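**Q** need the 3D shape of this:
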Amino acid sequence: MMNPEEQAFEAELRRLRPAQPPEEVLAQWESAPLRSDRAGELEQGCRPAFSIGALLRSWYRPAMALLALGLLVAGWRVWVRHESNPIVASNGTAPLVADDVIIDRQLVAAFEGLAELPTGEPIRFTCYEWIDRVTVRDTARGVMIESREPRRELVPASLVTY
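**A** Residues are numbered from 1 along each chain as shown. This is a model prediction of the structure:
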């Protein structure tokens, strides 16, 4: 809601008419060549409304999505076909059935170290030494397979300086 002073001001603005620009300004405007944002394109000549490059760019993403989907479906079908065929050992015996699987990791050592990067900057790290162990058993046949692998894990840490 406008107060009476604002209403009077608005009414006075409606009664005013803009002044005519000076003759020199009008002459400059009339003599100046027309310029637009597309002036460079117009000077080069007309471009065709249909472009093969534009058509290819507009179909690129959908075509790549369709190709990825096709590869995914083909891979899934190969995987399903592979899973449905039982694996038979070379001597004709039935495959190993792993009914007891144990995956274990054991921390053997942990220590901190300080090293220097090639740039000369010091870096602190924590080193963990692990033993990863996987045990697979087929209780029906009495077969046990065990694998033990050592592993080192380096974890960089920030170096706090005061």
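**Q** this protein: helices as residue ranges?
**A** Under the criterion DSSP state H, the chain contains helices at 4-15, 23-31, 39-44, 52-84.
**Q** distance to Val155 for those helices - can I get that in JSON lines?
**A** Yep, even glycine has a C-beta here, placed from its N, CA and C like the rest. Formatted as JSON lines, these follow (distance: least, Cβ to Cβ, whole Å):
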{"stretch": "helix 4-15", "distance to Val155": "69"}
{"stretch": "helix 23-31", "distance to Val155": "71"}
{"stretch": "helix 39-44", "distance to Val155": "56"}
{"stretch": "helix 52-84", "distance to Val155": "35"}
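**Q** sketch out the low-pLDDT regions of the chain for me.
**A** Along the chain, segments meeting pLDDT under 70 span 1, 34-51, 55-56, 81-94, 159-162.
**Q** how about 80 then?
**A** For the chain, the stretches flagged by pLDDT under 80 are 1-2, 32-61, 78-96, 158-162.
**Q** the nearest residue to Arg141 once chain neighbours are set aside: neighbouring residues, count only.
**A** Computed as Cβ to Cβ, 6 or more residues apart in numbering, the closest residue to Arg141 that is not its neighbour in sequence is Leu96, at 7.4 Å. Neighbours of Leu96 under the rule other Cβ atoms under 10 Å: 15.
**Q** need the contact list for Leu96.
**A** For Leu96, the contact set (Cβ atoms under 8 Å, 6 or more residues apart in numbering) comprises Val136, Asp138, Arg141, Val143.
**Q** partners of the second one in the sheet?
**A** Beta-bridge partners recorded for Asp138 (DSSP bridges): Val143.
**Q** wait, it sits on Val97?
**A** Yes. With contact defined as Cβ atoms under 8 Å, Asp138 reaches Val97; the gap is 5.3 Å.
**Q** tell me which of these two has more neighbours.
**A** Between Asp138 and Val97, counted using other Cβ under 10 Å, the more crowded position is Asp138 (16 against 12).
**Q** residues touching the more buried one, list them.
**A** Asp138 touches Leu96, Val97, Ala98, Asp99, Met144, counting by Cβ under 8 Å, 6+ apart.
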